[in-house]
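K.L.:
Sharing a sequence plus its predicted fold:
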Amino acid sequence: MISKLKFHLKKCFQYIRNNKNIDSFIKNLDVNNLNIVLTSDCDHATLKRHKSIIQPLCSNGIKITVATFLCLEDDKSPLAKHCYKNETTALDNKEFREFLLNMRDKYGLEIAYHGFSQISNKRIIFEKGLKLFREYTGEMPYTYVEHGGLKNHHIDGMCKKETLAFEGKNISSDYYILDILRENIKAVWAEHDYLDQNKENYLLEDFFYIKDGLNRFKRHKASMLSNQISRASNNSYFFPYTHFNYDLFDINVGNILERWDIYSRSKAFEFLYKLKDNGANFLTVKDAHKLWLSK
Ligand SMILES: [Zn+2]
């Protein structure tokens, strides 16, 4: 109870201290005609949180790609303790599913596959997830976004075994999924592939590439975005990667798109609406990938 109070007090002070900086950053943003591919992974977000962010974004012309699980499982692993039922919402929740489908049909939101669940899933379960995805949404996922840690970077218990850096490419493993991805998925984000170039003008070619017979894409850490955006060239592309419910980032200019709680949500909205007023084009991963293919 006391630590929770301390956490909130700290955030209140950060909010008071940095609010002016964030306001002036947004006010003075003069970069025009950017192309933004905003992606969020569903980890930790409840139905209520998802609705309170996705609804206003979509209805204001901010297209997004949201990666979701089919369900949450509990095998007592660290992965199961990290995200769990009621703390994270998945497509097996009818209200969540209907909400996302409504946003997709009305505003062009993209629902991406984040795996069957948050724990390690054998190939047979991974495939079952794809079938369920089609049953729930009427189509196969276009985009797959890996969940979990990166093998050799995070502890093994936090890494899903079917990830491509773990056993996903090992043909003799029960967790081999490379062939399933090749057959079913058009765009894959895997192996924590972040864009680390320090450029002023990012092209589609900087994000999409082919590896292991898969069309893959890179993302920007959303925490790097405001710094990069302020010196971007017009028409540059950005692929910010955020979580709509990960509230541990400090409140400051750099983290505008990492912060979606009651303290900072309105600033994230203001930032995106300002970009839109400045002519930004918002695309889903699917839109951007199709554009890249057509070039
Ligand atoms: Zn995730």
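P.N.:
Sure thing, it's come through.
K.L.:
Could you verify that residue 267 is part of a strand?
P.N.:
No. Going by DSSP: H, G, I helix; E, B strand; the rest coil, the assignment for residue 267 is helix, not a strand.
K.L.:
ok, now how distant is residue 29 from residue 218?
P.N.:
With distances taken as CB to CB, to the nearest Å, residue 29 is found 24 Å from residue 218. For glycine as for every other residue, the C-beta is placed from the backbone atoms N, C-alpha and C.
K.L.:
Over to residue 292?
P.N.:
Here residue 292 is placed at a distance of 12 Å from residue 218 (CB to CB).
K.L.:
Between the two, which contacts overlap?
P.N.:
Residues touching both residue 292 and residue 218 by CB atoms under 8 Å, 6 or more residues apart in numbering: residue 207.
K.L.:
Which residues of the chain lie near the ion?
P.N.:
Residues of the chain found near the ion (CB under 5 Å from the ion) are 41, 43, 147.
K.L.:
Name the residues that touch the helix or strand where residue 67 lies?
P.N.:
Per DSSP states H and E: residue 67 is located in strand 64-68. With CB under 8 Å, 6+ apart as the contact definition, strand 64-68 has outside contacts at 37-42, 50, 54, 57-58, 89-91, 96, 100, 109-114, 143, 145, 147, 282, 284-286.
K.L.:
CA atoms only: put that strand into CSV for me.
P.N.:
The C-alpha coordinates for strand 64-68 follow below in CSV (Å, rounded to 0.1, in the frame of the first residue of the first chain):
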residue,chain,number,x,y,z
ILE,A,64,-2.8,1.3,-35.3
THR,A,65,-1.7,-2.3,-35.3
VAL,A,66,-2.6,-4.1,-32.1
ALA,A,67,-1.0,-7.5,-31.4
THR,A,68,-3.1,-9.8,-29.3
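K.L.:
buried ones in the next helix or strand after it?
P.N.:
Per DSSP H and E, the first helix or strand lying C-terminal to strand 64-68 is helix 78-82. Neighbour-count burial for helix 78-82 flags 79, 80, 82 (criterion: 16 or more other CB atoms under 10 Å).
K.L.:
that older thread, mind putting the residues of the chain next to the ion in CSV, distance to residue 267 included?
P.N.:
As requested, the residues of the chain next to the ion are exported to CSV (distance: CB to CB, whole Å):
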residue, distance to residue 267
41, 21
43, 22
147, 27
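K.L.:
which among those residues gets closest to residue 246?
P.N.:
Nearest to residue 246 among the residues of the chain next to the ion is residue 43, at 7.1 Å by CB to CB.
K.L.:
wait, the closest one sits on residue 88?
P.N.:
Yes. With contacts counted by CB atoms under 8 Å, residue 43 reaches residue 88, the gap being 5.9 Å.
K.L.:
doesn't residue 287 fall inside a helix?
P.N.:
Yes. Under three-state DSSP, residue 287 falls within a helix.
K.L.:
Of the residues of the chain next to the ion, which one scores lowest on pLDDT?
P.N.:
Of all those, residue 43 carries the smallest pLDDT score, 91.
K.L.:
Next, count neighbours for the closest residue to that one other than its chain neighbours.
P.N.:
In space, and not counting its chain neighbours, residue 43 is closest to residue 83: 5.1 Å by CB to CB, 6 or more residues apart in numbering. By other CB atoms under 10 Å, the residues close to residue 83 number 21.
K.L.:
Centroid-nearest residue for this structure?
P.N.:
residue 40 (2.3 Å; CA atoms, centre = their mean).
K.L.:
what secondary structure does that residue sit in?
P.N.:
Three-state assignment for residue 40 (three-state DSSP): strand.
K.L.:
Now do it, the pLDDT please.
P.N.:
pLDDT, residue 40: 96.
K.L.:
Looks like it contacts residue 243 (just checking).
P.N.:
Yes. If you go by CB under 8 Å, residue 40 and residue 243 touch, sitting 6.0 Å apart.
K.L.:
Am I right that residue 255 falls within a helix?
P.N.:
Yes. Assessed by three-state DSSP, residue 255 belongs to a helix.
K.L.:
wouldn't it be in contact with residue 246 here?
P.N.:
No. With contacts counted by CB under 8 Å, residue 255 stays clear of residue 246, the gap being 10.4 Å.
K.L.:
The closest residue to the ion within the stretch 51-200 of the chain - how many residues pack around it?
P.N.:
Closest residue of the stretch 51-200 of the chain to the ion, CB to the ion: residue 147 (3.5 Å). By other CB under 10 Å, the residues close to residue 147 number 25.
K.L.:
cool, and residue 20?
P.N.:
9.
K.L.:
Doesn't it lie inside a strand?
P.N.:
No. Going by three-state DSSP, the assignment for residue 20 is helix, not a strand.
K.L.:
Perfect, that will be all.
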